[in-house]
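> Would you be able to build a 3D model of this:
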Amino acid sequence: MSETDSLDEAELTEVERDTLVEVEEPVLVGDRERFERIGVLGRGGMGEVRLYRDRRIARYVAYKVLRKVVEKDPGYRSRFLLEARVQGQLEHPSIVPVHDLGETADGELYFSMKSVRGATLHQALDSITTGLPTAQYSRRRLLTAFSSVCQAVDFAHTRGVVHRDLKPQNVMLGEYGEVYVLDWGIAKVVHHVETPLTEAVVVPQRTQTRAGAMLGTPKYMAPERQHNVANPQTDVYALGMILSDILDAHADQGIDPELEALKLRAIALNPGDRYPTARALHDDLEQYLDGRRDLEMRKQLAEQHARRAAETLGQTQLDAGARSRAGQEIGRALGLDPQNRFALQTLMSLLTNVPEQLPPEAEAEMEQRWIERRHRTTRVSTLSTLATLALVPMYLWLGVRDWGLFALYIVCALAAGAVQYFGGPGRISFGVGLMLLLATVTVMSTSTALLGAVPAGFAVIALAWRTGVHKTSHGLLIVAVCGLWLAAPFVLVELGVMSPMYEVHEDMLTILPKMHSFPAGPTLFMVALTTFAGIAAAVLYARLYVGELRRAEHRLTFQAWQLRQLIPPES
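Next comes the predicted model:
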């Protein structure tokens, strides 16, 4: 292979395939035969990097040599020596180690170093912006690599070295997570008071930058570099510009406010507003990355819990235990990630798909609410019960025939109202109140039989009390009880306990009132009044029932709407 040959990626892969070899004993060759030249890795304005194979250790090393066109220039030789000594003394995992520095028999100045493989950050960013597959260059990975760069630069600063040419082209990303800061060719050694003498990089004075020289890449140079200022904060500015490049490459993902603040502080035009050190930038970035790592882990765990909840809800036999487990999984998912869309959708499905049979606990809770609502409705219906006492003056106007029945009517009405208002929500109070109301209407039937207010009274009582129970059997029981009370006076007549309440003569029905009389004028007024009272009572009970139903619908509709607000709109 000639000296002008350079290795492409495929050839280099083939060359390094057998880097690790098994030998029984070392091949102890002399120094002249030890290194076999393979090819050229790259060229720059000052130097050329070649790949050699170390026959003695069976490894590949990189040689950087000063190009022949400048090898006689004292300035370039001085700069080359500076790079070798600075890089060699900065022993850090993210700085390529230097093995040797010397001059060949042909007069070539060189230094050897570890051969590193990978892509530069510049190449990685290019692949992202050009739309190539970039899974290996995710924003998280690049930010993690950038954090390592900050550490390496801070390490150099603590030893009095300023890089001065930090840019994506000088950051190498290895295939196995390695990160290297390259090209220390224009580094400047500036020993600060706080730099320990035992840690300071030592170079001959003649290798320092000539006065008035300004080296670097303009885009990544801090404003004060125009005035030949080079210090750790100028490197911080360059780091901020590299961070900006990374964020711009992944701009489609949006930029978190924390990252934007990091970038803006690092590239502040006023040095006093920048991060004082690369370490400070690194620490803030690590705090952000720790939070992001924790957030990503929480999101992953939340997704797992949400999936388990969905799988549970998809079971054929979805009993109370399964719904409970699904609810617990959703709770864990939302506890980890409140914005997890899948968990929120599963929660909506869990809450809106109501089973026919409620779990025992929910059934008991609904029963308790039903009793409380029935008690509330019963207390309100006390008004209609006491309204029957408004007929007392009417009966007195009509003329009382049987004061015993009249007194019984008043007592039953008062007792029914008292039980409705003061009785508890239990079944006993509910049943006693029903019986007293039916007794009140039954006493009225002794004067009007099945005419007038009696049918309306029985109908209103049946309606009101039927809305207070939710089981079909209880509704049938109420109908049966009303029928028994309605038939009671007629049974007593058939048994001879009471005299007949009416007589039938051919096509005539004659009412035989027992509690009061029926004079012409007041009778018509009473018929109209009791008919209106029956209609008003029915409307009142219906209003109470509709009101409860409306409140339930209002509550459920609002809850469904509020649940939908838990799911953020799709972007």
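> and the helix or strand where residue 344 lies, which residues are buried?
Using DSSP states H and E, residue 344 sits within helix 341-352. Buried residues in helix 341-352, defined by neighbour count with 16 or more other Cβ atoms under 10 Å: 342-344, 346-347, 350. All C-beta atoms are positioned from the backbone trio N, CA, C, and that covers glycine.
> and if you look at stretch 410-424?
Applying 16+ other Cβ under 10 Å to stretch 410-424 flags 410, 412-417, 419-421, 423 as buried.
> Same question for stretch 261-268.
Neighbour counts over stretch 261-268 (16+ other Cβ under 10 Å) mark 262-263, 265-268 as buried.
> wait, what's in contact with residue 241?
167, 219-220, 267 (Cβ atoms under 8 Å, 6 or more residues apart in numbering).
> for this structure, longest helix please?
Longest helix in the chain by number of residues (criterion: DSSP state H): helix 520-565.
> Show me what that helix packs onto, helices and strands only.
Applying 3 or more Cβ pairs under 8 Å, 6 or more residues apart in numbering; DSSP states H and E, one finds that helix 520-565 makes contact with helix 341-352, helix 360-380, helix 382-387, helix 392-398, helix 453-466.
> Just give me how far that helix sits from the chain centre.
Computed by Cα atoms, centre = their mean, to the nearest Å, the chain-centroid distance of helix 520-565 equals 44 Å.
> Let me see the ranges of the helices in the stretch 1-150 of the chain.
9-16, 31-34, 74-89, 121-129, 139-158 (DSSP state H, counting those that start in this stretch).
> what about those helices, which gets the closest to residue 556?
For residue 556, the closest of the helices of the stretch 1-150 of the chain is helix 139-158, at 43.7 Å, according to Cβ to Cβ.
> and the next helix or strand along the chain from the closest one, average pLDDT?
The helix or strand immediately downstream of helix 139-158 is strand 161-162, counting by DSSP H and E. For strand 161-162, the mean per-residue pLDDT is 94.
> Let me know the secondary structure of the spatially most central residue of the chain.
Nearest to the mean C-alpha position of the chain, by Cα atoms, centre = their mean, lies residue 339 at 1.9 Å. Here residue 339 is recorded as coil under DSSP: H, G, I helix; E, B strand; the rest coil.
> could you measure it against residue 303, distance?
12 Å (Cβ to Cβ, to the nearest Å).
> Residue 34 too?
Residue 34 is 56 Å from residue 303, by Cβ to Cβ.
> for residue 86, same thing?
Residue 86 is 48 Å from residue 303, by Cβ to Cβ.
> Compare neighbour counts for these two and give me the winner.
residue 86 (25 against 17; other Cβ atoms under 10 Å).
> Which pLDDT does the model give that one?
As predicted, residue 86 sits at a pLDDT of 90.
> wouldn't it be in contact with residue 187 here?
Yes. With contact defined as Cβ atoms under 8 Å, residue 86 counts as touching residue 187 (4.9 Å).
> now the angle between helix 360-380 and the helix or strand hosting residue 412, please.
Assigned by DSSP H and E, residue 412 belongs to helix 403-422. Put simply, helix 403-422 runs at 130 degrees to helix 360-380, going by axes from the mean of the first three to the mean of the last three Cα atoms, to 10 degrees.
> Show the secondary-structure elements that helix 403-422 is packed against.
Helices and strands touching helix 403-422, by 3+ Cβ pairs under 8 Å, 6+ apart, are helix 360-380, helix 382-387, helix 392-398, helix 427-448.
> and these, which is most packed in?
helix 427-448 (a mean of 21; mean count of other Cβ atoms under 10 Å).
> one step back: adding distance to residue 307, write the helices of the stretch 1-150 of the chain out as JSON lines.
Putting those into JSON lines (distance: least, Cβ to Cβ, whole Å) gives the following:
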{"stretch": "helix 9-16", "distance to residue 307": "40"}
{"stretch": "helix 31-34", "distance to residue 307": "59"}
{"stretch": "helix 74-89", "distance to residue 307": "51"}
{"stretch": "helix 121-129", "distance to residue 307": "31"}
{"stretch": "helix 139-158", "distance to residue 307": "23"}
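> Neighbours of residue 135, how many?
Residue 135 has 6 neighbouring residues, counting by other Cβ under 10 Å.
> before we move on, what about residue 483?
Summarising burial for residue 483: neighbours were counted as other Cβ under 10 Å, giving 12.
> of the contacts of residue 241, buried ones?
167, 220, 267.
> The second one against residue 242, yeah?
Yes. Contact criterion Cβ under 8 Å: residue 220 and residue 242 qualify, at 7.2 Å.
> Please identify the buried residues of stretch 52-72?
Neighbour count says stretch 52-72 has 52-54, 60-67, 71 buried, by 16+ other Cβ under 10 Å.
> Pipe those into CSV and attach distance to residue 509 per row.
Formatted as CSV, these follow (distance: Cβ to Cβ, whole Å):
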residue, distance to residue 509
52, 129
53, 127
54, 128
60, 123
61, 126
62, 123
63, 129
64, 127
65, 132
66, 133
67, 132
71, 137
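> just curious, which of those residues is nearest to residue 275?
Looking across the buried residues of stretch 52-72 and measuring by Cβ to Cβ, the closest to residue 275 is residue 64, at 31.7 Å.
> Show the pLDDT at that closest one.
92.
> Identify the bridge partners of it.
Beta-bridge partners of residue 64, counted by DSSP bridges, are residue 49, residue 111.
> Quick one: residues contacting it.
Shown in contact with residue 64 (Cβ under 8 Å, 6+ apart): 47-50, 83-84, 110-113.
> Among those, which has the minimum pLDDT value?
residue 47 (85).
> For that one, which residues are in contact?
64-67, 80, 185.
> same check, this time on residue 286
Residues counted as contacts of residue 286 (Cβ under 8 Å, 6+ apart) are residue 147.
> which SSE is it in?
helix 278-313.
> Buried ones in that helix, by neighbour count?
Using 16+ other Cβ under 10 Å as the test for burial, helix 278-313 gives 278-286, 288-289, 292, 301-303, 305-306, 308-310, 312-313.
> and residue 504, that's in a strand?
Yes. Counting by three-state DSSP, residue 504 is located in a strand.
> With adjacent residues omitted, what lies nearest to it?
Excluding its sequence neighbours, the residue lying closest to residue 504 (Cβ to Cβ, 6 or more residues apart in numbering) is residue 510, at 7.5 Å.
> Please render the buried residues of helix 341-352 as JSON lines that adds distance to residue 330 and pLDDT to the earlier fields.
Converted to JSON lines, those look like this (distance: Cβ to Cβ, whole Å; pLDDT from 0 to 100):
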{"residue": "342", "distance to residue 330": "10", "pLDDT": "81"}
{"residue": "343", "distance to residue 330": "6", "pLDDT": "82"}
{"residue": "344", "distance to residue 330": "9", "pLDDT": "80"}
{"residue": "346", "distance to residue 330": "6", "pLDDT": "81"}
{"residue": "347", "distance to residue 330": "5", "pLDDT": "79"}
{"residue": "350", "distance to residue 330": "7", "pLDDT": "77"}
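> all helices of the stretch 151-300 of the chain, in order?
Applying DSSP H, counting those that start in this stretch to the stretch 151-300 of the chain gives helices spanning 232-249, 257-266, 278-313.
> Dump those helices into a markdown table; add mean pLDDT and distance to residue 501 as well.
Converted to a markdown table, those look like this (pLDDT from 0 to 100; distance: least, Cβ to Cβ, whole Å):
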| stretch | mean pLDDT | distance to residue 501 |
| --- | --- | --- |
| helix 232-249 | 95 | 96 |
| helix 257-266 | 91 | 88 |
| helix 278-313 | 84 | 63 |
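> how much space is there between the closest residue to residue 36 other than its chain neighbours and residue 35?
Distance criterion Cβ to Cβ, 6+ apart; nearest residue to residue 36, sequence neighbours excluded, is residue 53 at 4.5 Å. Here residue 53 is placed at a distance of 7 Å from residue 35 (Cβ to Cβ).
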